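Colleague: requesting a structural model of the entry that follows:
(chains A and B)
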Amino acid sequence: MTKGVLLFCFDTPDFQYHKILEKCVALIKKNLKLEVTVATNFETYKHLKPLGFVNYKFIEPELGNKKNGLEWRNVDRHMAYELSPYDVTLVMDIDYFPFTDNLRQFLDTRYDFLISKNAHDLTNRNSFDTRKFSMIDMVWATVFVFKKGKKAKRVFDMIKYVKQYYTYFMDLYRVRDRRFRNDYAFAIALEQANGMITYDTLPITLPTLPPDCKVLKMDNEGIAWQYNDQVNYTKDQDVHVLNKEVANV
Amino acid sequence: MDIGELKKQSDISYDIAVAKRNALEKAHARLVVVYNEHIFRADAETINLVKTLSEAHTSPFYVLDTNNNPVEISKPEEFLKTLIERNQEAISSYHQMSKTFAKRGD
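Modeller: Numbering: from 1, shown residues only, chains lettered A, B, ... in the order given. Sure thing, here's the model as predicted:
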C-alpha cells in the first residue's frame, strides 16, 4: 500500500508561497519520512529551489477567492483524491510545519477519512473557538488523511457538490465567513455524507500561530515568534503558521 | 512595593503560563498513538483500563478507540508496553520543560 504527502502550492502576486513550501518539504523529509507530491503550476514551480525527490502535478489554480482583499488560491483542495498518486494520503497545508513525526502514524489506521476539529492557539488567547461562527462544527482542512476507496471517494464527491453550491450551504448552516473556506466545505460535506450525525476525526489539536504573530526565527527543530511585546518559542511541536510572512524568515 | 518589579514578574508569569500550556498541548499530542490500526490516547485512563483487563479478564478483550469503535486486543502485554512507552516519552518531555519554567519563575 503506497503512502505519501500531498501539498498544494501556488504563488500569488502578494506572497511567495513556494518559499513556505521549501521549508515544509524539508521538515516532511526529516520528520515524516514520506514521499511528497506537490500540486502546483509552472509559474510557481520555476521559482522552487531543488527539493530532492518530489513528484509534481501541474494544474492551473481556480481563481476568484480572496482573503483580506488579496488573492487566495485555496479552492483546489477538493481535487486531492484525483491528484494523489498514493493509496493512503496525508494532505497538509504548506504552512503546517511538521517538527515531529506525530502525523506519520495516522497513515497506518483502518480509517478512510480523518480530519481534526480543533486548533490550539499557541498565544493562549483561544482565538480558534469557531463553534459560534456557524451551526456546525468547523473542521480544519489544514491536515487530513484519506485512504482511496468508495467511502473516501463519496466524501470528495460531496465536497465537490458543496463547493458547487457553496452559497446555499453557507446560508443553510449559517456560516458567518462568506469566503470559500475548505474548512467549512469539508465540514459540511462530512456532515452530509455521514447522515448528519457524526464522523470519525483525528484526536489532535492543531497547534496554530494566529496571523498577528510575527515569526522571528525558524530552524529544523522549532519556531520563535513575537506577539505584541511577548516573545515565545516552541520546539519539537508541529506548528500551523497563519502569518504568510514566514516565507521570508 | 516596587510596582516596576511586580509588573516584570507578572510578564514573566504570563510567559511561563503560555509556555506551560503549549508544552502540555505538545504532551497531549504525543500521547496519541496508533495500535492495531486504531487510534488511542496513551493516558492514565487507557493504561489503567488495559492493565486491569489484562489482569482480570482473559484475552482477547475489547476496548474503544478515540472514535468509540471497538477494538479486539489479543496481545495485552504488547499493547500495554506501547501505551506506557508513549505515555512516559510524552510526560518525561513535559517534565523537562517544567524544570525550565520553575527556574524562570524563581
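Colleague: look up which helix or strand the residue nearest the centre of chain A falls in, please.
Modeller: By CA atoms, centre = their mean, chain A has its centre lying nearest to residue A:142, at 2.3 Å. For residue A:142, the host element (DSSP states H and E) is strand A:140-147.
Colleague: who does that strand pair up with?
Modeller: Partners of strand A:140-147 in the sheet, by DSSP bridges, are strand A:88-92 (antiparallel), strand A:113-116 (antiparallel).
Colleague: sorry, back to before: excluding chain neighbours, what is closest to the residue nearest to the centre of chain A?
Modeller: Nearest non-adjacent residue to residue A:142, counting by CB to CB, 6 or more residues apart in numbering or on different chains: residue A:93, 4.6 Å away. To be clear about C-beta, it is placed using only N, CA and C from the backbone, and glycine gets the same treatment.
Colleague: what does the pLDDT read for that neighbour?
Modeller: pLDDT for residue A:93: 95.
Colleague: and it, its phi and psi?
Modeller: phi -70, psi 150 (degrees, to the nearest 10).
Colleague: distance of it from residue A:217?
Modeller: Going from residue A:93 to residue A:217 by CB to CB, to the nearest Å gives 21 Å.
Colleague: follow-up on the earlier one: ranking the strands paired with strand A:140-147 by burial, who's on top?
Modeller: Ranked by average neighbour count under the criterion mean count of other CB atoms under 10 Å in any protein chain shown, the strands paired with strand A:140-147 are headed by strand A:88-92 at a mean of 24.
Colleague: kindly export it (C-alpha atoms) in CSV.
Modeller: Output of strand A:88-92 as CSV, limited to C-alpha atoms (Å, rounded to 0.1, in the frame of the first residue of the first chain):
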residue,chain,number,x,y,z
VAL,A,88,-3.1,6.5,1.7
THR,A,89,-2.5,10.2,1.6
LEU,A,90,-1.7,12.8,4.2
VAL,A,91,-2.8,16.2,2.8
MET,A,92,-1.3,19.2,4.6
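Colleague: unless I'm mixing things up, residue A:22 is touching residue A:51, no?
Modeller: Yes - the pair residue A:22 / residue A:51 is scored as a contact, 6.5 Å apart, by CB atoms under 8 Å.
Colleague: excluding chain neighbours, what is closest to residue B:14?
Modeller: Leaving aside its chain neighbours, residue B:14 sits nearest to residue A:230 (7.1 Å; criterion: CB to CB, 6+ apart).
Colleague: mean confidence (pLDDT) on the strand holding residue A:142, please.
Modeller: The average pLDDT within strand A:140-147 is 96.
Colleague: and the next helix or strand past that strand?
Modeller: Where DSSP H and E defines the elements, the next helix or strand beyond strand A:140-147 is helix A:150-164.
Colleague: which secondary structure elements does that next one contact?
Modeller: Here helix A:150-164 touches helix A:80-83, strand A:113-116, strand A:140-147, helix A:182-193, going by 3 or more CB pairs under 8 Å, 6 or more residues apart in numbering or on different chains; DSSP states H and E.
Colleague: count of neighbours near the closest residue to residue A:212 other than its chain neighbours?
Modeller: Spatial nearest neighbour of residue A:212, excluding adjacent residues (CB to CB, 6+ apart): residue A:227 at 6.6 Å. Residues near residue A:227, counting by other CB atoms under 10 Å in any protein chain shown, number 17.
Colleague: what strand or helix carries residue 15?
Modeller: Since you didn't name a chain, this refers to chain A. For residue A:15, there is no host helix or strand (DSSP H and E).
Colleague: actually chain B
Modeller: Going by DSSP H and E, residue B:15 is in helix B:3-31.
Colleague: name the helices or strands packed onto whatever helix or strand comes next after that helix?
Modeller: Once the chain leaves helix B:3-31, the next helix or strand it forms, by DSSP H and E, is strand B:32-35. Strand B:32-35 is packed against strand B:38-41, helix B:76-105, with contacts defined by 3+ CB pairs under 8 Å, 6+ apart.
Colleague: which residues in chain A form helices?
Modeller: Remark: helices assigned in chain A by DSSP state H are A:17-27, A:42-45, A:80-83, A:150-164, A:166-172, A:182-193.
Colleague: the fifth one: how far from the chain's middle?
Modeller: Offset of helix A:166-172 from its chain centre (CA atoms, centre = their mean, to the nearest Å): 22 Å.
Colleague: what helices and strands are in contact with that helix?
Modeller: helix A:182-193.
Colleague: just to revisit the earlier point, pull out the buried positions in the helix holding residue B:15.
Modeller: B:15-16, B:18-20, B:22-23, B:25-31 (16 or more other CB atoms under 10 Å in any protein chain shown).
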